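Peer 1: With the sequence up front, the predicted model follows.
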Amino acid sequence: SEVGNIFNSDGINIYTALKENAVILFILNPLLYPELTPAFGRLILIDAKQAVSKCFLSPLERAFFIFDEINTYASATLTDLVNKSRSANITSILATQSLSDLDFAVNENFKEQIIENCNNYIVMRQNSAKNAEQWAGILGTRATIDVTYQLEQDNRITKTTGLGSARRVREFLYHPDDIKALPTGKGVFLSKDFNMHCK
């Protein structure tokens, strides 16, 4: 096949690459290879899982798995890999266009598992109102005071009556409308590791 050379005796071994602090770049093109890409992506995930299991026996310096367009090859194996790799000092960085891609790839439970296993998020513009709302909820809320004033109209003059109320409420850290309006190249960063967020 087009990728047959990877499987010869001089092929790629993810565990060896981790030990040598090397970089492996797999480029899977689903437009050229619509059937091969998901299968090969899952094969890479299985090999990465085996590499992680060996890393528990011989600790490594911090390493990274970067997975782009995860909806193309998403499976329960990916969730398990993300979950277990942290303990082996390997950080998994996952990228997808939207949360809807994760629903479409496997199911809604898969999306929730991915969200649960991530502690840091970079959220860029979401055109879907539903996705923007979900991201606003994931990014969280803060406590604030909602103050209201009672007004009265006297002819053309509006003035306060001196009455009003104040109540504790919670508001989004980043409103869905703000997420939908992010310009190209701008985003929101939230880190649960460092308890911080910024735009």
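Peer 2: Nice, I can see it.
Peer 1: C-alpha from now on. contacts and neighbour counts both.
Peer 2: OK.
Peer 1: In the protein, spot the helix with the most residues.
Peer 2: As assigned by DSSP state H, the longest helix anywhere in the chain is helix 36-55.
Peer 1: Now do the same contact list for R170.
Peer 2: Shown in contact with R170 (CA atoms under 8 Å, 6 or more residues apart in numbering): T141, R142, A143, T144.
Peer 1: With adjacent residues omitted, what lies nearest to K49?
Peer 2: For K49, ignoring the flanking residues on the chain, the nearest one in space by CA to CA, 6 or more residues apart in numbering is L81 at 5.7 Å.
Peer 1: In which helix or strand does the one you found reside?
Peer 2: Assigning secondary structure by DSSP states H and E places L81 in helix 76-85.
Peer 1: mean confidence for whatever helix or strand comes next after that helix?
Peer 2: Once the chain leaves helix 76-85, the next helix or strand it forms, by DSSP H and E, is strand 90-94. Strand 90-94 shows a mean pLDDT of 93.
Peer 1: And strand 90-94, what's buried?
Peer 2: Residues of strand 90-94 classed as buried: I90, T91, S92, L94 (neighbour count, 16 or more other CA atoms under 10 Å).
Peer 1: Pick out whichever of those residues sits closest to L60.
Peer 2: The closest of these to L60 turns out to be I90 (CA to CA; 8.4 Å).
Peer 1: can you tell me how far the nearest residue to the closest one once chain neighbours are set aside sits from D178?
Peer 2: Spatially, and ignoring its direct neighbours in sequence, I90 is nearest to A63 (4.7 Å; CA to CA, 6+ apart). From A63 across to D178, the span is 34 Å (CA to CA, to the nearest Å).
Peer 1: contacts for the longest helix of the chain?
Peer 2: Helix 36-55 is contacted from outside by 13-15, 28-30, 72-75, 77-78, 81, 84-85, 88, using CA under 8 Å, 6+ apart.
Peer 1: In that helix, which residues are buried?
Peer 2: For helix 36-55, the buried set under the neighbour-count rule, 16+ other CA under 10 Å, comprises T37, P38, G41, R42, I44, L45, A48, K49, A51, V52, S53, C55.
Peer 1: Direction included, what does the longest strand along the chain pair against?
Peer 2: What stands out as the longest strand in the chain, according to DSSP state E, is strand 157-172. Take DSSP bridges as the rule and strand 157-172 pairs in its sheet with strand 141-154 (antiparallel).
Peer 1: I would like the residues contacting the partner strand, please.
Peer 2: Here strand 141-154 makes contact (CA under 8 Å, 6+ apart) with 158-174.
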